[in-house]
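*Asks:* I need the structure of the sequence given here:
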Amino acid sequence: MIDNRAFALTDEELVRYNEWATKIATAMGEGEVESWTLSVSFNFSNLGTSIIAYVLDSDRRIDLIIRDELDMW
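*Replies:* Numbering: from 1, shown residues only. Predicted coordinates for the structure are as follows:
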């Protein structure tokens with residue numbers, strides 16, 4: 001059975017997420033975007049887990065693939 005450890009970010013993954021989120025926040029501020037949402041999707045199956053960060057309602061090319069054992073992207 002899957003438990004919370006499957007979705008806990010490693011230190012390296014957390015650093016990558018924070019760097020990505022900082023870039024997004026900076027770009028949104030410079031672009032004078034008033035409202036935006038960062039989301040993180042946690043997916044799992046018997047084959048593994050997938051954790052992907054994205055900006056809601058945006059171009060999916062800027063997504064951050066934190067972990068993709070499911071080969072979703």
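
*Asks:* Quick check: which element contains the residue nearest in space to the middle of the chain?
*Replies:* Among the residues of the chain, the one closest to the centroid is A53, at 1.5 Å (Cα atoms, centre = their mean). According to DSSP states H and E, A53 maps onto strand 48-55.

*Asks:* what does that strand contact?
*Replies:* For strand 48-55, contacts defined as Cβ atoms under 8 Å, 6 or more residues apart in numbering pick out 2, 6-7, 9, 13, 17, 20-21, 24, 36-44, 60, 62-70, 72-73. For every residue, glycine as well, the C-beta is placed using N, CA and C.

*Asks:* Repeat that for stretch 6-25.
*Replies:* Residues outside stretch 6-25 that contact it (Cβ under 8 Å, 6+ apart): 36, 38, 40, 42, 44, 49, 51, 53, 55, 62, 64, 66-67.

*Asks:* Take these and write them to JSON lines, including distance to M28.
*Replies:* Converted to JSON lines, these look like this (distance: Cβ to Cβ, whole Å):
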{"residue": "W36", "distance to M28": "5"}
{"residue": "L38", "distance to M28": "10"}
{"residue": "V40", "distance to M28": "17"}
{"residue": "F42", "distance to M28": "23"}
{"residue": "F44", "distance to M28": "30"}
{"residue": "T49", "distance to M28": "28"}
{"residue": "I51", "distance to M28": "22"}
{"residue": "A53", "distance to M28": "14"}
{"residue": "V55", "distance to M28": "8"}
{"residue": "I62", "distance to M28": "11"}
{"residue": "L64", "distance to M28": "15"}
{"residue": "I66", "distance to M28": "20"}
{"residue": "R67", "distance to M28": "25"}
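
*Asks:* Which stretches in this structure count as helices?
*Replies:* Secondary structure of the chain (DSSP state H): helices at 11-30.

*Asks:* now it, which segments are flagged as low pLDDT?
*Replies:* The chain contains residues with pLDDT under 70 at 1-2, 72-73.

*Asks:* Just grab the bridge partners of the residue nearest to the centre of the chain for me.
*Replies:* Taking DSSP bridges as the rule, A53 bridges to V40, L64.
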